[in-house]
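Engineer: Sharing a model that was predicted from the sequence below.
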Amino acid sequence: MSQPAPSPSLRDLRPPQHQGMRNLDKSKFGLSVPVVTARIPAGSVGAVLKHPMLRGQLVDIAKVKSVLVNPDEPEARRVLLRVSDPTQLPKQTKEYLEGIGAQFGSYNIDLDYDYWSVHDVLTSILPNLDGEDPPSSFTQTGHLAHVNLRDEWLPYKHIIGQVIVDKVSSVTTVVNKLNSIHAQFRYFDMEVIAGKDDFVVSTHESGCSFTFDFSKVYWNSRLHTEHERLLSHFTPGQVVADAMAGVGPFAVPAAKKGAYVLANDLNPESVKWMRENQARNKVEPRLRITEDDARAFIRRAPLEAWTKPFTRSEAVRNRAWEKAQRAARVQAKKEKEERESAGLPELVKEEEKEEPAAPQTIDHYVMNLPDSALEFLDAYMGSFTPLLSQPGYDRTTPLPLIHVHCFTRELEPETASADICERATGYLGHSVSPDMDDFHLHAVRRVAPNKDMYCLTFRLPEAVAYA
């Protein structure tokens with residue numbers, strides 16, 4: 001036997017439609033949903049709710065409780081059912097409730113503007129443009145929400161921003177990215193469409209705290225997974241050279257993890273905030289920051305790492321080494337006490353060993369500027385040649401892994417790989433292919449319907465490094 005259909009208003013709850021609204025009127029979004037109640041003894045609520053006859057028959061509306069408590073009736077409870085009339089209940093459900101003495105009644109669930117989601121409200125007020133969903137998605141960084149509005153939504157930008165501020169308690173500023181981009185530093189102009197005119201944000205990622213001016217630097221919260229992935233390749237004690245470091249999403253966590261980091265960016269605002277984040281996360285000893293062109297940084301970094309290595313006075317002390325030293329001192333004290341109690345002479349004290357020196361060669365290069373990073377691969381040509389004249393340098397020392405982010409409009413993995421390798425080969429001046437040592441091509445994310453972001457990783461060839 002087919003069951004009666006539930007109340008249409010419960011099947012697809014939507015706020016009243018006000019398409020074309022330009023000035024937000026919150027009073028227009030009220031909705032009253034009639035439902036049936038079953039009054040039952042308070043002590044039997046648990047058993048009734050679990051009974052098979054009630055399965056699928058209770059009100060299931062987000063943020064609305066299915067059991068009402070009336071202080072004036074402490075001995076009873078009212079269970080909300082998903083129909084607007086008792087005759088709509090399945091026969092077996094109705095008979096069960098009547099059999100336990102339930103009394104049917106009515107109740108209106110009143111929903112207002114505060115109940116609806118961002119998507120609900122924007123669907124209600126924005127015009128239907130060829131069946132497209134309203135622009136209700138956004139990227140949040142700290143207190144700031146960032147939207148990319150297409151031209152057709154611009155007349156409604158302020159009401160879109162206001163709805164986001166209203167609905168997301170942690171958002172106090174909403175900005176829309178404009179079409180203009182600062183070519184040199186790769187950040188977009190943006191306008192405030194709702195909330196406070198405050199671009200300085202604070203956020204947490206990879207166990208670190210970051211603060212920066214969102215309007216003057218590049219930051220993408222959607223890349224946190226990629227940040228974590230690449231950071232997992234860095235181990236304590238390694239040297240990482242970050243040529244396009246921004247405000248430090250790779251450099252700061254790598255230093256906190258125990259790596260030694262040479263970080264560089266051309267944007268003075270990025271460098272300013274990277275130094276702020278360096279201090280905020282207490283990684284000054286393991287992170288050196290410069291403001292230079294990425295190509296110049298790539299060329300000088302190998303010699304700098306070798307001739308100006310991180311020293312014990314600069315670097316956070318090696319915790320594993322310190323632990324071993326403490327254990328050795330405890331053991332020495334124990335042995336001294338045992339020898340004294342046995343009447344044996346004290347052993348000659350060994351001189352405490354120095355902490356191992358910090359490494360002097362780069363293990364990883366990071367190039368996180370996907371729009372143009374491939375173009376800087378030519379900087380590696382001959383970049384390690386100056387080390388050949390340095391005392392103690394061994395040409396058999398492993399060369400670094402290069403991690404370079406890039407875009408491609410080839411959407412199939414095979415053609416994307418061919419496209420990226422071909423362009424990388426042209427800029428590096430050496431064949432880049434899956435046959436190389438430690439070659440890996442990782443698909444990061446789709447950034448547009450016809451544009452993907454990748455991270456190309458390969459071991460720097462000797463023929464390039466020592467050219």
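Structural biologist: Right, received. Where do you want to start? Residues are numbered from 1 along each chain as shown.
Engineer: which residues in the stretch 51-200 of the chain form strands?
Structural biologist: Under the criterion DSSP state E, counting those that start in this stretch, the stretch 51-200 of the chain contains strands at 67-68, 76-81, 103-111, 139-141, 144-147, 173-182, 187-195, 200-205.
Engineer: Out of these, flag the one nearest T425.
Structural biologist: Taking C-beta to C-beta, strand 173-182 is the member of the strands of the stretch 51-200 of the chain nearest to T425, at 27.8 Å. In short, each C-beta sits where N, CA and C put it, glycine included.
Engineer: could you give the mean pLDDT of that closest one?
Structural biologist: For strand 173-182, mean pLDDT is 76.
Engineer: what does stretch 309-325 give?
Structural biologist: Averaging pLDDT along stretch 309-325 gives 59.
Engineer: Can you report how many residues neighbour Q103?
Structural biologist: 12 (other C-beta atoms under 10 Å).
Engineer: Find the nearest non-adjacent residue to it, please.
Structural biologist: Counting by C-beta to C-beta, 6 or more residues apart in numbering, Q103 lies nearest to R39, which is 4.3 Å off, once chain neighbours are set aside.
Engineer: what would the strands of the stretch 51-200 of the chain look like in a markdown table with distance to H119?
Structural biologist: As requested, the strands of the stretch 51-200 of the chain are exported to a markdown table (distance: least, C-beta to C-beta, whole Å):
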| stretch | distance to H119 |
| --- | --- |
| strand 67-68 | 28 |
| strand 76-81 | 25 |
| strand 103-111 | 15 |
| strand 139-141 | 15 |
| strand 144-147 | 13 |
| strand 173-182 | 15 |
| strand 187-195 | 17 |
| strand 200-205 | 24 |
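Engineer: mind checking which of those is nearest T397?
Structural biologist: Per C-beta to C-beta, nearest to T397 of the strands of the stretch 51-200 of the chain: strand 200-205, 32.6 Å.
Engineer: ok, and what's touching that closest one?
Structural biologist: The contact list for strand 200-205 (C-beta atoms under 8 Å, 6 or more residues apart in numbering) reads 141-144, 209-214, 221, 224, 227, 249, 253.
Engineer: Which of those residues fall in helices?
Structural biologist: H224, H227, P253 (DSSP state H).
Engineer: Can you get me a residue count around the last one?
Structural biologist: Neighbour count of P253, defined by other C-beta under 10 Å: 24.
Engineer: List the residues that contact the closest residue to it other than its chain neighbours.
Structural biologist: Leaving out its chain neighbours, the residue that sits closest to P253 by C-beta to C-beta, 6+ apart is S206, at 3.8 Å. By C-beta under 8 Å, 6+ apart, the contact set of S206 is H224, H227, E228, L231, P249, V252, P253.
Engineer: So the second one versus G161, what's the distance?
Structural biologist: Translated: H227. Using C-beta to C-beta, to the nearest Å, H227 is found at 28 Å from G161.
Engineer: hang on, the earlier thing: per-residue confidence for the residue nearest to P253?
Structural biologist: In this model, S206 carries a pLDDT of 94.
Engineer: ok, back up a step: go through the strands of the stretch 51-200 of the chain and find the least confident stretch.
Structural biologist: Across the strands of the stretch 51-200 of the chain, strand 173-182 gives the lowest mean pLDDT, at a mean of 76.
Engineer: And the protein, what are its domain boundaries?
Structural biologist: What automatic domain parsing lists as the domains of the chain is 31-111, 118-204, 222-315+357-465.
Engineer: Flag every buried residue along stretch 23-30.
Structural biologist: Neighbour-count burial for stretch 23-30 flags L24, F29 (criterion: 16 or more other C-beta atoms under 10 Å).
Engineer: residues in contact with it?
Structural biologist: Residues outside stretch 23-30 that contact it (C-beta under 8 Å, 6+ apart): 15-16, 18, 21, 110-113, 116, 121, 124-125, 159, 162-163.
Engineer: What mean pLDDT does it get?
Structural biologist: Confidence for stretch 23-30, expressed as mean pLDDT, is 93.
Engineer: what helix or strand is V366 on?
Structural biologist: Element membership for V366 (DSSP states H and E) is strand 364-367.
Engineer: for that strand, what is the average pLDDT?
Structural biologist: The average pLDDT within strand 364-367 is 98.
Engineer: That one: partners in the sheet, and parallel or antiparallel?
Structural biologist: Sheet pairing here is set by DSSP bridges, and for strand 364-367 it gives strand 239-242 (parallel), strand 401-408 (parallel).
Engineer: quick one: which of these is nearest D363?
Structural biologist: Closest of the strands paired with strand 364-367 to D363 is strand 239-242, at 5.4 Å (criterion: C-beta to C-beta).
Engineer: Let's verify the residue sitting furthest away from the middle of the chain: helix, strand, or coil?
Structural biologist: The C-alpha centroid of the chain is most remote from G343, which lies 63.9 Å away (C-alpha atoms, centre = their mean). Following DSSP: H, G, I helix; E, B strand; the rest coil, the label given to G343 is coil.
Engineer: what residue ranges in this protein are flagged as low confidence?
Structural biologist: For the chain, applying pLDDT under 70 flags the ranges 1-11, 130-131, 179-188, 312-324, 346-358.
Engineer: for stretch 218-232, which positions count as buried?
Structural biologist: Buried residues in stretch 218-232, defined by neighbour count with 16+ other C-beta under 10 Å: Y218, W219, N220, L223, E226, H227, L230, L231.
Engineer: again but with stretch 83-95, I slipped
Structural biologist: The neighbour-count check on stretch 83-95 (16+ other C-beta under 10 Å) flags V83, S84, P86, Q88, L89, P90, T93, K94 as buried.
Engineer: What of stretch 430-442?
Structural biologist: Result for stretch 430-442 [16+ other C-beta under 10 Å]: buried residues H430, V432, M436, L441.
Engineer: ok, now stretch 405-416?
Structural biologist: Going by 16+ other C-beta under 10 Å, stretch 405-416 has these buried residues: H405, C406, F407, T408, E410, A416.
Engineer: Let me have these in JSON lines, adding distance to R395 as columns.
Structural biologist: Listed next are these as JSON lines, based on distance: C-beta to C-beta, whole Å:
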{"residue": "H405", "distance to R395": "29"}
{"residue": "C406", "distance to R395": "30"}
{"residue": "F407", "distance to R395": "35"}
{"residue": "T408", "distance to R395": "35"}
{"residue": "E410", "distance to R395": "37"}
{"residue": "A416", "distance to R395": "35"}
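Engineer: Show me which pair in those is furthest apart.
Structural biologist: Comparing every pair within those by C-beta to C-beta identifies H405 and E410 as the most remote, at 15.7 Å.
Engineer: picking up where we left off before, of the contacts of stretch 23-30, closest to M367?
Structural biologist: The closest of the contacts of stretch 23-30 to M367 turns out to be V163 (C-beta to C-beta; 39.0 Å).
Engineer: What is the burial count for that closest one?
Structural biologist: V163 sits with 28 neighbouring residues when counted by other C-beta under 10 Å.
Engineer: give the contact list for it.
Structural biologist: By C-beta under 8 Å, 6+ apart, the residues touching V163 are L24, V118, V121, L122.
Engineer: ok, and the most crowded of those residues?
Structural biologist: V121 (27 neighbours).
Engineer: Does it touch K167 like I think?
Structural biologist: Yes. In this structure, V121 is within contact of K167 by C-beta atoms under 8 Å, at 7.4 Å.
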